[in-house]
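> return atomic coordinates for the entry below.
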Amino acid sequence: MSEDRTQWHRVERFELESGAVLTGVEQAYRLEGRLNEARDNLVVVFHSLTGTPDVLAWWPEVVGPGRAVDTERYAVLCTNLLGSCYGTTRLPRGADGKPVAVTTRDMARLVGILVDDLGARSVALATGGSLGGMVTLEWAATFPDRTRCAIAFAAPAAHTAQGIGWNHVQRRAIELAGVDGLALARMAAMLTYRTAEELEARFGRERRDDGRFQVQSYLDHQGEKLVRRMDPDAYLALIGAMDAHDVGRGRGGIVPALRAFRGRLVGVGIPGDLLYTDRDVRTWTQAVGAEYREIHSLHGHDAFLLEPAQVAAIVREALDTEATQALAPATRSGAAAPGSSEA
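Below you'll find the predicted structure:
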């Protein structure tokens, strides 16, 4: 864990998509690097389901001094998404006794208020993976003129039946068994984050000295680790936001919602991803005229966290292209705005 430089941003009144109103919301965030004089060097990173605002801890080979997202050149903002439990105000309970529902659109809008208050004139890049990729797409659709490039890793434009089904299994485990159910939910999730090939290569049919299969021990360990750092309410809120995710909702569909984005839009698929297939990503990129990239890995869905060299190459290329365009607008006479796609 890197040095704790968490800050908090307060919003006195914030209305959710559901119509519920939150008061006195404090959003935890970290800002690595400094905004430049033009205030146009901001990079916004959205964490995944169980991630934290400490992007240097979970993307250390992608973000930092001299990395693809160079914090000596860019100011990198990562918040704790609304509904999570790493510093941002917890969700109040509704009349049914459950925390009020939030969406990826709510998350993007709350971060947008912080970006406004930071005085950022333009965002160089918005990015994230899985849930963070969904919020990235919402960010692009909600603020179509704000960002010069957006990259969504391993994320659908609308949550899939497969994703909803897996979340239902996890939700029922938590509803039936509380904290023990949270551990079980994590075990089920891990089987969607990794591939059969990886599990076979790592564990096969090996057993521990006590006779248990190594893969059983691995899954138990993953469940126990999550229970130590996340509570059931936060997990339920976040998977609920994933299930509600549909960037085209109320915007005439996915195509007009994302075609409105004036920046460069990139979707990154992972062949072998069991949770959100590369086809899920390719489908929306082709439909909206966005660019498509791939990460190749034995790890499956978690490759956006476990293949930093491939992630860094995609991000670096996008930022280098954006910088070149920003420095040489004359070479794009008659083209779209810097870093944008005409699709």
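
> tell me where this structure has strands.
Ranges of strands in the chain, per DSSP state E, are 7-15, 21-32, 42-46, 63-64, 69-70, 75-79, 123-129, 149-153, 264-269, 291-294.

> including mean pLDDT, could these go into CSV?
CSV is the format used below for these (pLDDT from 0 to 100):
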stretch, mean pLDDT
strand 7-15, 98
strand 21-32, 98
strand 42-46, 98
strand 63-64, 98
strand 69-70, 98
strand 75-79, 98
strand 123-129, 98
strand 149-153, 98
strand 264-269, 98
strand 291-294, 98
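
> can you tell me which of the ones you listed is nearest to Gln216?
With Cβ to Cβ as the criterion, Gln216 lies closest to strand 123-129 of the strands of the chain, at 27.5 Å. Yep, even glycine has a C-beta here, placed from its N, CA and C like the rest.

> residue contacts, the closest residue to Ala260 other than its chain neighbours?
The shortest distance from Ala260 to any non-neighbouring residue, by Cβ to Cβ, 6 or more residues apart in numbering, is to Pro144 (4.4 Å). Pro144 makes contact with 260-263, according to Cβ atoms under 8 Å, 6 or more residues apart in numbering.

> which of those are buried, as a ChimeraX select command?
The buried subset of the contacts of Pro144, as determined by 16 or more other Cβ atoms under 10 Å, is captured in ChimeraX by this line:
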select :261,262,263
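
> the stretch 101-250 of the chain: helices as residue ranges?
With DSSP state H, counting those that start in this stretch, the ranges of helices along the stretch 101-250 of the chain come out as 104-118, 131-142, 161-193, 196-202, 214-229, 232-244.

> so of those, which one's packed in deepest?
Among the helices of the stretch 101-250 of the chain, ranked by average contacts under mean count of other Cβ atoms under 10 Å, first place goes to helix 131-142 (a mean of 28).

> with just CA atoms, put that helix into CSV.
Output of helix 131-142 as CSV, limited to C-alpha atoms (Å, rounded to 0.1, in the frame of the first residue of the first chain):
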residue,chain,number,x,y,z
LEU,A,131,-17.0,-2.0,-13.2
GLY,A,132,-14.5,0.8,-13.7
GLY,A,133,-14.8,0.2,-17.5
MET,A,134,-18.6,0.5,-17.2
VAL,A,135,-18.2,3.8,-15.3
THR,A,136,-15.8,5.0,-18.0
LEU,A,137,-18.5,4.4,-20.7
GLU,A,138,-21.0,6.3,-18.5
TRP,A,139,-18.5,9.1,-18.1
ALA,A,140,-18.1,9.3,-21.9
ALA,A,141,-21.9,9.4,-22.5
THR,A,142,-22.6,11.8,-19.6
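
> ok and that helix relative to helix 161-193, angle-wise?
Counting by axes from the mean of the first three to the mean of the last three Cα atoms, to 10 degrees, helix 131-142 lies at 140 degrees to helix 161-193.

> which strands and helices sit next to helix 131-142?
Using 3 or more Cβ pairs under 8 Å, 6 or more residues apart in numbering; DSSP states H and E, the elements in contact with helix 131-142 are strand 42-46, helix 104-118, strand 123-129, strand 149-153, helix 232-244, helix 254-259.
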